[in-house]
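In: Quick one: sequence and predicted model below, then my questions.
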Amino acid sequence: MIDRKDVEHVARLGRLALTERELERMRGELAAILEYIEKLRAVNVEGVEPTSHAVPVVNVMREDEVEPPSDHEMMMGNAPDRSGEFFRVPRIIED
Amino acid sequence: MAGDLTRLTVHGLTEAYRGGEETPTRVVEAYLARIARLDGDLGAYLTVTGDTALAEARAAEARYRRHAARGPLDGVPVALKDVLCTVGVRTTCGSRILETFVPPYDATVVTRLRAAGAVLLGKTNMDEFAMGSSTEHSAFKPTRNPWDLARVPGGSSGGSAAAVAADLAAVALGTDTGGSIRQPAAFCGLVGFKPTYGRVSRYGLVAFASSLDQIGPLAKDVRDCALLLGVIAGHDRRDATSLTAPVPDYASALGGGARGLRIGVPREYFNEGVDPDVERSVRAAITVLRDLGATTTEISLPNTDYGIAVYYILAPAEASSNLARYDGVKYGLRVPGRDLIEMSGRTRAAGFGAEVKRRIMLGTYALSAGYYDAYYGRAQKVRTLVRRDFETAFANVDLIVAPTTPNVAFKHGEKEDPLAMYLNDVFTVPGNLAGIPAVSLRCGFSRDGLPIGLQLIGRPLEEATVLRAAYAYEQATPWLDRRPELP
């Protein structure tokens, strides 16, 4: 069963800075959903291949052709913070 | 006469355009006026592109005048679920995290619609990132069901469904990952089609669960659905999962009738959880199909009951990976932090709603070390069993008939418990897991006057067979005569 420590760990992995209240509520809700999902344990899957994709498509190849790219300024226009041609982010390397 | 203009079907509109009785400009003006009058109550649209719609309408009008119309959608007003990228037009996915996002390109379905001459009226409301069955999970507003404003339109394509049902669009596109086209179609009394996985390109569709997502039409009748599907279906080099099989002329195949079709009735879809009104209507529809010359047999899809559990592992797992891109760096919301990790955590906590957070958590948990095999691996194997159920059934039948949903549209706020909401998709999720085509169409009304959805499910790439049976049923029944009472 999922406990508070698991919930905090998963929130960190999922990059979600949840509040105290959210963490507590999430624990209860995830526990209920996981309990429902437990029913899959009753299924005999011995020797059954997993399905990752509903149709059998593999290794799709195409020519690598140069095309006009999307509008650069439109792309950069969505940046929350930019410096010229670059996305600006908090410093990650110490001086 | 403006009210009547917006009631016309796609084929009715283009006939009127060709005959010179109506013009795309007058029709689009009528739609924009109706949206301005009614959408405050309905909440179907997040963005209305009135000016460009009028310009597109005038261009279509000029083509009709020159007898150079582009085909079955020229001058037809279309609404798009706000998860489909539109160049220069805000695409929010119903989320705060993308509230200001303006795509630099069109989704392939949008490119195809434009090439066919369709007029884009705007972008419709949805459950955030298509996660939900009621459109209550939109970060911006709820959408109301045109048949009863106290009820939900279904979801996640609830804005598209409400728009078409209320005559605020002639036709619309939605997306279906676990039932998000078919369930709102059922709740709003429309024809909603989820094509075979890979039939329609997803380039420019903001990804939720990539092994399940498909784009499809929400329409007023089966012919409109076939016309729109014909425009959007087909291979696209920009989507490696799109199928190369040729696209048949769906509309011209509609007249084939139901005679000789072998239709399976899965006993697992008629359980005690199904509302008696729904069961009665669907059973009556099966009798109609038999009267039309189809043969029906009871079949079993024994793993149906595991569908929701499989789905709520696989879809959140894929979503947790797909939604990792919203980190506050390239687009959308940013909440500052000391470093990248803090910035990203704060951004996502502020930008995502409760349901999206729940699914990211669930998916991340299912994929995390120590749980992968028990959850994700096992769910993928049970998915194989669900798929095999259909393969076995389709060895003996051409189509499967079932209710789309166990119940009619529920009230706003009625399903507060996440799991109760999830269980509403019990009859639509298996089709996504198997990747097969399925339609929902109107097959009656509950005692409260709410539409009921009939689901027809076909073999992979047999969209034409599904549509043919749906058309035969629609032509033989009076259900389309009824419309929601709106001012």
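Out: Looks like it came in fine.
In: Tell me where chain A has strands.
Out: Along chain A, the segments classed as strands by DSSP state E run A:82-83, A:86-87.
In: So for the last one, mean pLDDT?
Out: Along strand A:86-87, the predicted local confidence has a mean pLDDT of 94.
In: quick one: contacts of that strand?
Out: A:76, A:79, A:81, B:329-330 (CB atoms under 8 Å, 6 or more residues apart in numbering or on different chains). Using the backbone N, CA and C atoms, a C-beta is placed for each residue, glycine as well.
In: what are the pairing partners of that strand, and which direction each?
Out: strand A:82-83 (antiparallel) (DSSP bridges).
In: now, which of the contacts of strand A:86-87 sits nearest B:Gly264?
Out: Using CB to CB, B:Lys330 comes nearest to B:Gly264 of those, at 47.6 Å.
In: before we move on, the earlier item: quick check, nearest of the contacts of strand A:86-87 to B:Arg267?
Out: Closest approach to B:Arg267 among those (CB to CB): B:Lys330, at 49.8 Å.
In: What does the residue sitting furthest away from the middle of chain B show for phi and psi?
Out: What lies farthest from the middle of chain B is B:Arg338; by CA atoms, centre = their mean that is 41.2 Å. When read as degrees, to the nearest 10, the backbone of B:Arg338 gives phi -60, psi -40.
In: contacting residues for B:Glu128?
Out: Contacts here follow CB under 8 Å, 6+ apart; on that basis B:Glu128 touches B:93-95, B:137-139, B:352-353, B:355-356.
In: any idea how far the residue most central in space within chain A is from B:Tyr365?
Out: When CA atoms, centre = their mean is applied to chain A, the residue found nearest the centroid is A:Gly14 (6.9 Å). Distance from A:Gly14 to B:Tyr365, counting by CB to CB, to the nearest Å: 9 Å.
In: Can you mark which positions in the host helix or strand of B:Arg34 are buried?
Out: Per DSSP states H and E: B:Arg34 is located in helix B:24-42. By 16 or more other CB atoms under 10 Å in any protein chain shown, the buried positions in helix B:24-42 come out as B:24-32, B:34-35, B:38-39, B:42.
In: Tell me how far it lies from the chain's centre.
Out: How far helix B:24-42 lies from its chain's middle: 22 Å, per CA atoms, centre = their mean, to the nearest Å.
In: close to chain A, is the helix or strand following it?
Out: Following helix B:24-42 in sequence order, the next helix or strand is strand B:45-48 (DSSP H and E). No - judged by CB under 8 Å from any CB of the partner chain, strand B:45-48 stays clear of chain A, getting no closer than 16.0 Å.
In: So which elements touch strand B:45-48?
Out: If you count contacts as 3 or more CB pairs under 8 Å, 6 or more residues apart in numbering or on different chains; DSSP states H and E, strand B:45-48 packs onto helix B:24-42, strand B:119-124, helix B:158-165.
In: Dump these to TSV, plus mean pLDDT and distance to B:Asp373.
Out: Listed next are the helices and strands packed on strand B:45-48 as TSV, based on pLDDT from 0 to 100; distance: least, CB to CB, whole Å:
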stretch	mean pLDDT	distance to B:Asp373
helix B:24-42	98	46
strand B:119-124	98	40
helix B:158-165	98	36
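In: Of the ones you listed, which is nearest B:Asp4?
Out: From the helices and strands packed on strand B:45-48, taking CB to CB, the stretch that ends up closest is helix B:24-42, at 8.8 Å.
In: which residues touch the closest one?
Out: For helix B:24-42, contacts defined as CB under 8 Å, 6+ apart pick out B:2-3, B:5-6, B:8, B:13, B:17, B:45, B:48, B:50, B:53-54, B:56-58, B:60-61, B:64, B:74-77, B:119, B:121-122, B:143-144, B:146, B:149, B:162-163, B:166-170, B:486-487.
In: Among those residues, the buried ones, what's the ChimeraX command?
Out: Buried residues within the contacts of helix B:24-42, by 16+ other CB under 10 Å, are selected in ChimeraX with:
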select /B:5,6,8,13,17,45,48,50,53,54,56,57,60,61,64,74,75,76,77,119,121,122,143,144,146,162,163,166,167,168,169,170,486
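In: residues touching the residue of the stretch 1-150 of chain B found nearest chain A, list them.
Out: Nearest residue of the stretch 1-150 of chain B to chain A: B:Pro104, at 3.8 Å (CB to the nearest CB). For B:Pro104, the contact set (CB under 8 Å, 6+ apart) comprises A:70-71, A:74-75, A:78, B:87.
In: go on, B:Val247?
Out: B:Val247 touches B:230, B:233-234, counting by CB under 8 Å, 6+ apart.
In: B:Tyr473 now?
Out: B:258, B:285, B:288-289, B:292, B:441, B:443, B:454.
In: how far does the one helix or strand it maps to sit from the chain's center?
Out: Element membership for B:Tyr473, per DSSP H and E: helix B:463-476. Computed by CA atoms, centre = their mean, the separation of helix B:463-476 from the middle of its chain amounts to 18 Å.
In: thinking again about what came up before, out of the contacts of strand A:86-87, which two sit at the greatest distance?
Out: Of all pairs drawn from those, the greatest distance, 12.0 Å, lies between A:Met76 and B:Val329 (CB to CB).
In: what does the stretch 1-150 of chain B put close to chain A?
Out: Near chain A, when you scan the stretch 1-150 of chain B using CB under 8 Å from any CB, you find B:87-88, B:100-102, B:104-105.
In: Can you add distance to A:Ile93, pLDDT and secondary structure and give those back as a markdown table?
Out: Below are those laid out as a markdown table (distance: CB to CB, whole Å; pLDDT from 0 to 100; DSSP: H, G, I helix; E, B strand; the rest coil):
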| residue | distance to A:Ile93 | pLDDT | secondary structure |
| --- | --- | --- | --- |
| B:Val87 | 36 | 96 | coil |
| B:Gly88 | 37 | 96 | coil |
| B:Thr100 | 29 | 96 | coil |
| B:Phe101 | 29 | 97 | coil |
| B:Val102 | 32 | 97 | coil |
| B:Pro104 | 30 | 95 | coil |
| B:Tyr105 | 33 | 95 | coil |
